[in-house]
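Trainee: Can you look at this prediction? I've put the sequence above it.
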Amino acid sequence: MDTLVEIVKTVLVIIIVASLLELLLPESSLKPFVSFTMGLFVLIAILNPVLNVAFRDRDFEINFWDYRYDQAMEEEMLEKGLEINQQVMDSNQQQVQEKLQGQISALTSLVPGVKAVEARIEKGDAGTADKVMLLVRVESDKADKPGTDVTVFGGSREEELKREEQEQIKNKILMLVDNIYGMKADQIEITFEGGEG
């Protein structure tokens with residue numbers, strides 16, 4: 001019964017629109033085409049519900065002309081789209097962060113006296129690099145021989161030279177990262193392997 005009511009409503013609307021168009025159009029060669037088009041719409045309006053009842057398991061493309069807005073489905077699709085977008089953005093940000101860490105490590109390891117650098121970036125709320133933490137391994141002049149670590153009478157001069165060397169390396173790294181990436185000294189934390197920084 002609902003199907004019959006739907007057919008009658010749709011056909012009435014189409015007939016009213018067709019009558020208005022015929023009244024508005026002047027006597028010309030367009031009138032037969034308008035009548036033919038309205039006849040097709042009446043035919044579709046009748047066949048569409050009948051086919052839906054007869055073939056419930058099939059979806060006919062003819063339904064697209066009779067579109068009904070489904071807000072719940074639209075919200076679900078929008079939510080899924082936003083979720084996929086977020087996954088793509090997170091994946092891209094992770095890749096960018098890893099590449100940036102690798103670049104900073106490679107560039108800072110070119111500073112004279114540096115053996116290797118391990119970089120780690122902390123991102124802020126906006127996804128930008130707020131802080132860079134560098135773990136620096138310094139090249140040692142001494143060969144790793146047994147007994148070379150022993151100092152007989154205070155090693156303060158040697159430690160002072162080591163600190164000066166680390167300070168020079170630190171300043172070069174700060175200048176390099178500032179020049180290339182625009183990060184200031186307060187955004188860069190440098191730690192030398194062995195705990196001195």
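Mentor: All right, it came through fine. Numbers count the residues shown, from 1 in each chain.
Trainee: Could you tell me the phi and psi values at residue 138?
Mentor: phi -90, psi 140 (degrees, to the nearest 10).
Trainee: Would you agree it is in contact with residue 192?
Mentor: Yes - counting by CB atoms under 8 Å, residue 192 is a contact partner of residue 138 at 6.2 Å. All C-beta spots, glycine's among them, are computed from the backbone N, C-alpha and C.
Trainee: shared neighbours of the two, anything?
Mentor: Residues touching both residue 138 and residue 192 (CB atoms under 8 Å, 6 or more residues apart in numbering): residue 166.
Trainee: quick one, helices of the protein?
Mentor: Using DSSP state H, the helices of the chain run over 2-24, 31-54, 71-108, 156-181.
Trainee: So which bits of the first one are buried?
Mentor: When you say that, I think you mean helix 2-24. 7, 10, 14, 18 (16 or more other CB atoms under 10 Å).
Trainee: Kindly indicate which of those lies nearest residue 177.
Mentor: Proximity of the buried residues of helix 2-24 to residue 177 (CB to CB) peaks at residue 10, which lies at 69.4 Å.
Trainee: per-residue pLDDT, that closest one?
Mentor: Looking at residue 10, its pLDDT is 82.
Trainee: So the closest residue to it other than its chain neighbours versus residue 20, what's the distance?
Mentor: Excluding the flanking residues, the one nearest residue 10 by CB to CB, 6 or more residues apart in numbering is residue 45, at 4.0 Å. Look at residue 45 and residue 20: by CB to CB, to the nearest Å, they are 17 Å apart.
Trainee: Likewise for residue 37?
Mentor: 14 Å.
Trainee: for residue 131, same thing?
Mentor: 69 Å.
Trainee: related to what we said a few turns ago, now render the buried residues of helix 2-24 as JSON lines, adding distance to residue 74.
Mentor: Formatted as JSON lines, the buried residues of helix 2-24 follow (distance: CB to CB, whole Å):
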{"residue": "7", "distance to residue 74": "27"}
{"residue": "10", "distance to residue 74": "23"}
{"residue": "14", "distance to residue 74": "27"}
{"residue": "18", "distance to residue 74": "32"}
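Trainee: of all those residues, which comes closest to residue 111?
Mentor: Nearest to residue 111 among the buried residues of helix 2-24, with distances taken as CB to CB, is residue 10, at 77.7 Å.
Trainee: Output the below-cut-off pLDDT ranges for the protein.
Mentor: Applying pLDDT under 70 to the chain picks out residues 57-69, 127, 141-157, 194-197.
Trainee: got a list of what the closest residue to residue 113 other than its chain neighbours touches?
Mentor: Of all residues not flanking residue 113 in the chain, residue 169 sits nearest, at 5.2 Å (CB to CB, 6+ apart). Counting by CB under 8 Å, 6+ apart, residue 169 makes contact with 111-114, 136, 138.
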